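> the sequence isn't on hand, but the structure is:
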C-alpha cells in the first residue's frame, strides 16, 4: 500500500513531544513491513537542516495566499524512510519551537501554517500535483492535520480513505470562524455537522468528523474519550462514531531505546546482566550532584510539567519520598509555577532532589538507565511513552490507572504479570500508598530484580502497532 503519513513533527528531525516519537517510528515500522510510505512534515529550519539528500520536487504555487509553496524530498537520518517537507518560508522558516514564538505564545498564524500543511497533503492525496505518486491511504495526526480529511471531503473529488489519529484530545486547534475563507473551507462546513465547536472552528473536530476512521493511542483512552469526564466536549461526536473509532497502542523503538547498545549511556546492561544499571545510577547521581548512596531508591520524573501529568502530586510527595531515604531527579518544562516548584524542591533538599528545566534527549536516556523508578501520576494519559521506555530499561513505573498507562503497566499485586505499581484515584494518599509499596519491594533485592526482568521482557515494539495499522488500512482500501 502507498501511505501518506502527515504530522507536524517527527523524531529525529524535529521533536517537542510524544507525537514526534510516533511520527518517526510508526512510518519506519510500516516501511520495514513492506509498505510504501511518505512522511509529510513542515520544513522547519532545524528539520530541513537534518534532512539528508534534500531536493525540491514540486512547485505548488501559492494556494492560500501565504507565499510560494514547494515540496522537498529527502531521507530521515539513519532510516529507510522517505520524507517530504512543505516549504513555505513565510510560515515555517522561523527559529525555535514549531508552535510557539519567542514569547512562549502560539504563533498567531498557526491556523494558516497548518492549513497549508493540510492543503498540500490533500492535494497530493487527490492527485492534484505533477509528481505522480498518489497514496492509497492518508493518515493524519492531531489537530495540526485535522483539515486534511475536511479538504478531501468538501472538495468532492476522488480521494483515498483517511485515518485520523488523536494523540491528545485536550489540544484542539480552535480558531475564530472568521478564518474560514482564509483556509479555503466552505461556509456550510461551519456547522455542528462539520467543523464548528462551541462557536469556534476546531481543526481537531474537523479531523474527527470528516475522517473515514478515527484511532487513538491506547484502547483505554479510546473508551475514556467517549465519556463526559474525558471527552473534552467531543464525547457526543465520538460516541456517534463509535463504530469508526479504535484504540491502537503506541510502541517504542527498540533501535532507539535499547540499554544493551544505547550510545547515550555509559554502561550497558541486559535483563540477565543488570550490573551496568547500577553503574549508570552512580553516574547519574554524580551528574546531578546527589548524595552517592548506592541503595537510595532513585525516582525519575521525565515529563512535561503540567497538572495533567500530576506534577503537583509529585511535589506534594517529595517530603515523604526524601524522608524514606529516596532521591528524585526531575527533567522537564511547562507551567511556570510547576517549574518553580521543582526548583524549590531541589533547593530545599540538596543532595536528595535535583531539577533540570528543559528537555535533553540524551539525558532522558541516562535517566531511564540510571533511575530505579519513574513517577507518572497522570490525571489522564492518552498512551504515554515514558513508561514504555522505563520498562525497557528495568526502571519500574509508578502510574495512575488511566489511558495507556492502564494498558501497559500491571500492578505488583497482579503477581506473575506485574511490571510496576498502579494506583486508581488522583489523590496524594493513593499516590503515596503506591510509592510505599514500591519502596517496600525495593528493599527486597531478589524480588526487585525479578520485577525488573519481567518489565524488560515486555514487547511494546512498533512492529506490533504497525501490524494493527496495516489491518486497519487494508479494511479501508
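Alright, I've got the coordinates. These figures come from a predicted structure and were not determined experimentally.
> where are the low-confidence patches of this structure?
Across the chain, not a single residue meets the criterion (pLDDT under 70).
> run the last query once more with 90
16-18, 78-80, 95-97, 102-104, 128-132, 252-256, 359, 412-417, 461 (pLDDT under 90).
> count the residues that sit near residue 131.
14 (other C-beta atoms under 10 Å). All C-beta spots, glycine's among them, are computed from the backbone N, C-alpha and C.
> pull the number of nearby residues for the closest residue to residue 153 other than its chain neighbours.
What sits nearest to residue 153 in space, not counting adjacent residues and going by C-beta to C-beta, 6 or more residues apart in numbering, is residue 210, at 4.4 Å. For residue 210, the count of nearby residues is 22 (other C-beta under 10 Å).
> OK, contacts around residue 210?
149, 150, 152, 153, 154, 162 (C-beta atoms under 8 Å, 6 or more residues apart in numbering).
> the closest residue to residue 134 other than its chain neighbours: how many residues sit nearby?
Excluding its sequence neighbours, the residue lying closest to residue 134 (C-beta to C-beta, 6+ apart) is residue 127, at 4.7 Å. Residue 127 has 16 neighbours, counted by other C-beta under 10 Å.
> now swap in residue 229 and tell me
Residues near residue 229, counting by other C-beta under 10 Å: 9.
> let's have the chain start at 27 instead
Yes, from this point I'll number from 27; that puts the last item at residue 255.
> where's it relative to residue 261, distance?
According to C-beta to C-beta, to the nearest Å, residue 255 and residue 261 sit 9 Å apart.
> ok, residue 110 next?
Per C-beta to C-beta, residue 110 is found 35 Å from residue 261.
> go on, residue 78?
In this view, residue 78 and residue 261 are 43 Å apart by C-beta to C-beta.
> the two - which one has more neighbours?
residue 261 (17 against 11).
> circling back to that earlier point, identify those among the contacts of residue 236 that sit within helices.
175, 176, 178, 179, 180 (DSSP state H).
> for residue 350, state which of those is nearest.
The shortest approach to residue 350 among the ones in helices among the contacts of residue 236 belongs to residue 175, at 51.0 Å (C-beta to C-beta).
> give me the neighbour count for that closest one.
For residue 175, the tally of surrounding residues (other C-beta under 10 Å) stands at 29.
> about what we covered before: quick check: phi and psi on the residue nearest to residue 160?
phi 80, psi 20 (degrees, to the nearest 10).
> that one touches residue 161, doesn't it?
No. Taking contacts as C-beta atoms under 8 Å, residue 153 lies outside contact range of residue 161: 9.5 Å.
> ok, residue 371 - how many residues close by?
20.
> residues of stretch 316-329 that come out buried?
Of the residues in stretch 316-329, 316, 322, 323, 324, 325, 326, 327, 328, 329 count as buried by neighbour count, 16 or more other C-beta atoms under 10 Å.
> how far out from the middle of the chain is it?
From the chain centre to the centre of stretch 316-329 is a distance of 25 Å (C-alpha atoms, centre = their mean, to the nearest Å).
> quick one: residues in contact with it.
Residues contacting stretch 316-329 (C-beta under 8 Å, 6+ apart): 304, 307-308, 310-312, 335, 337, 340, 347, 351-358, 360, 377-378, 380, 390, 393-394, 396-402, 412, 416, 421, 424, 464-465, 468.
> measure that stretch end to end?
Start-to-end span of stretch 316-329 (C-alpha to C-alpha, to the nearest Å) is 20 Å.
> what of stretch 95-114?
End-to-end span of stretch 95-114 (C-alpha to C-alpha): 5 Å.
> secondary structure element for residue 29, which one?
Following DSSP states H and E, the helix or strand that holds residue 29 is strand 28-32.
> within the sheet, what are the partner strands of that strand, with directions?
Strand 28-32 sits in its sheet next to strand 62-68 (parallel), strand 163-167 (parallel), going by DSSP bridges.
> list the buried residues of the following helix or strand past the longest one.
Note on strand 62-68: by DSSP H and E, the next helix or strand toward the C-terminus is helix 71-76. Neighbour-count burial for helix 71-76 flags 73, 74, 76 (criterion: 16+ other C-beta under 10 Å).
> would you list the residues you listed in TSV and tack on distance to residue 453?
Conversion of the buried residues of helix 71-76 to TSV gives the following (distance: C-beta to C-beta, whole Å):
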residue	distance to residue 453
73	41
74	47
76	43
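> among those residues, which one sits closest to residue 367?
For the buried residues of helix 71-76, the nearest to residue 367 is residue 73 (32.9 Å; C-beta to C-beta).
> list the contacts of residue 486.
275, 276, 277, 278, 414, 417, 418, 434.
> now stretch 30-48: how far from the chain's centre is it?
On C-alpha atoms, centre = their mean, the centre of stretch 30-48 falls 8 Å from that of its chain.
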